[in-house]
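Asker: Next comes the sequence, and after it the predicted model I'd like to discuss.
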Amino acid sequence: MLSRFLKWVVVFVGCAYYVLTRNSKNLGDGMTQRLSKKVVDASEPCEKDTYIWDSALKGFGLKITPKGRKVYIVQYRVGGRGGRTRRVTIGTHGTLTPEQARTLAKNALGQVSSGIDPAQEKDKIRSGRTMNALLDKFDSEHILVKLKPKSQEDYQRNIRVYIKPKLGNILVHLVSRQDIARLHHSLRETPYVANRTVSVLSKFFNWCEKFGYRDDGKNPCRHIDKFKEKKRQRFLSGAEQIRLDQSLDKAMREKLVSDNAVYAIRLLSLTGARLGEILTLKWSYINFERNTLELPDSKTGAKTIYLNEPAKDILSQIVRHVENPYVICGSKSGGHIVNLQKSWRRVRALADLEDVRLHDLRHTFASVAVSSGMSLPMIGALLGHSQPRTTARYAHLAADPLRAAAELIGQKISQAENIRI
C-alpha cells in the first residue's frame, strides 16, 4: 500500500510541476533531468501531454501522452532566436532506448546547425513521390505530349529497362549524383545506352524542378562524364548491293517475308529515308505529279523526299487498299508494319550481310551520292539533315572521286609526255 501511495505522490508532483511551469519560455512545458531508462519507465501520464527535457542535450526530450504513450522528440528554433519553434518525433520508447534516441537527436540538431530543417525534410519524405510514380507522370505529361513517336519509344524503353529497375523505389528528392554515376557506370559495356540513359534522366530531373518536385539547380546528372562513343558507319559495296537485291527477290519469290516488307526495304535503299518515314508513309503524302514524298512531319520537321525512277517503280507495284491509308500495310486492318527487324534479319542472312542494319541503307545512299561527286549540302538536303555537321560524317568519302579525277589527269599528262619523248 505504501509503494502504491508513493507512486501516486510522484504522479501528482509531476502533474503539479507541469501546471506550474506550463508558461515557461525556455524549451517548452515540462521538467528537466537526464533521460535514462529508469526515469522514462517511471514517468506517468497526466490529463494533458507532459514533457521531460534532457539535461545533457538541450532540445532532446520525452513526451508522455494522456494515454501513456512515450515518444522521444527534438525541439529547435528555425531562423535563430526570432524564428519559430519546431518539434520532430524521433521514435517511441521501447522501440528506441534513451541512448539511441539521444544519438538520433544529436544528428537532427546537427542538421539544424547546418541550416537544414529536419521537420521540413520529414515533411518532404512524408509527402514525397517515388521515381516510379513521377516517371509515369513524366511519361503521360511530357513524353506522350511533346516528343515524336520514335523519341517516345526510345524514352519509354530506356525508362522501363534501365531506370526503373535501379532507381524506381527511391524518393525523387533523395536521388543523388552518386546514384546516377553508379547507374551510368553499370552500363559501361554499352556506352551509347549509358549516355542516353543519363540524357533521359537529365531531362526528367529538369522537368521535376520545373514542377517543384525537386529544388532548383539540383539536377543530379550534372558533371556526369559521358563515355566516348564509337560512331559506326557501314556502307554496302557494289557487290553487297547486288547480293541484297538478289536476296530480296528470293525472299519475295519464296514467301520468306511479306511482300510489303520487301517493298519497305527497297524503298529505304532507294530513297535514303529513315525507317519510320517509310513505315508510316501514307498514300496522301505521295505527289505523283512532282515525284515527291511530302511528309508533314519527320525527325527534323516537315520534309520532302524526291523519288527516282526505281523508287517510283516500287510504289507502282504496291497494291493500294481503300480501307488502309498506309503504303506499307501491316497485318492489322488499317495499320502499317510496326517492326521490320524480323524480316530484315531473314533477308540479310540470305545476303550474308549479318552486320548490316536497316539504317546502314541510309548511309549507303549517302555514300553513293558522295562517290558520284555530289556536294555535302546537296546530300544533306536529300537526307533531310537539319545540321551540316550531321552530313559532315560523309566528308571523307568525297575524296574518292577527287582522287580518281587526279589519277585520270596524271595518266593523261604522263601519256602526253611519253608521246613527246
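Answerer: Ah, there it is.
Asker: Could you look up the SS state of R86?
Answerer: Under DSSP: H, G, I helix; E, B strand; the rest coil, the three-state class of R86 is strand.
Asker: any idea how far K332 lies from S343?
Answerer: Distance of K332 to S343, computed by CB to CB, to the nearest Å: 16 Å. All C-beta atoms are positioned from the backbone trio N, CA, C, and that covers glycine.
Asker: Likewise for D352?
Answerer: Using CB to CB, one gets 17 Å for the distance from D352 to S343.
Asker: Between those two, which is the more surrounded one?
Answerer: With neighbours defined as other CB atoms under 10 Å, D352 and S343 compare such that S343 has more, 20 against 12.
Asker: Distance of that one relative to A264?
Answerer: In this view, S343 and A264 are 8 Å apart by CB to CB.
Asker: Got phi/psi on Q152?
Answerer: Main-chain torsions, Q152, degrees, to the nearest 10: phi -60, psi -50.
Asker: tally of neighbours for it?
Answerer: 16.
Asker: what about the spatially closest residue to it that is not a sequence neighbour, which SS state?
Answerer: Spatial nearest neighbour of Q152, chain neighbours left out: I143 (5.4 Å); criterion: CB to CB, 6 or more residues apart in numbering. Following three-state DSSP, I143 is assigned to helix.
Asker: Test my guess that I143 contacts Q156.
Answerer: Yes: at 6.6 Å, I143 and Q156 qualify as touching, with contact defined as CB atoms under 8 Å.
Asker: more crowded one of these two?
Answerer: The residue with more neighbours, out of I143 and Q156, is I143; 21 against 16, by other CB under 10 Å.
Asker: Tell me how far that one lies from K226.
Answerer: 22 Å.
Asker: Look at the residue lying closest to Q341 once chain neighbours are set aside and report its pLDDT.
Answerer: Using CB to CB, 6+ apart and skipping residues adjacent in sequence, the residue nearest Q341 is L358, 7.5 Å away. L358 carries a pLDDT score of 92 in this model.
Asker: The residue nearest to L267 when sequence neighbours are not counted is in what secondary structure piece?
Answerer: Counting by CB to CB, 6+ apart, L267 lies nearest to I278, which is 5.1 Å off, once chain neighbours are set aside. Assigned by DSSP states H and E, I278 falls within helix 275-279.
Asker: how far is the following helix or strand past that helix from where the chain is centred?
Answerer: Using DSSP H and E, the helix or strand that follows helix 275-279 in sequence is strand 286-287. What separates the centre of strand 286-287 from the centre of its chain is 37 Å, taken as CA atoms, centre = their mean, to the nearest Å.
Asker: Can you spell out which helices and strands pack onto strand 286-287?
Answerer: strand 292-295 (3 or more CB pairs under 8 Å, 6 or more residues apart in numbering; DSSP states H and E).
Asker: Direction included, what does the strand it packs on pair against?
Answerer: Sheet pairing of strand 292-295 (DSSP bridges) gives strand 286-287 (antiparallel), strand 303-306 (antiparallel).
Asker: most neighbours per residue, which of these?
Answerer: For those, the largest average neighbour count (mean count of other CB atoms under 10 Å) is found in strand 303-306, namely a mean of 18.
Asker: That one: how far from the chain's middle?
Answerer: 32 Å.
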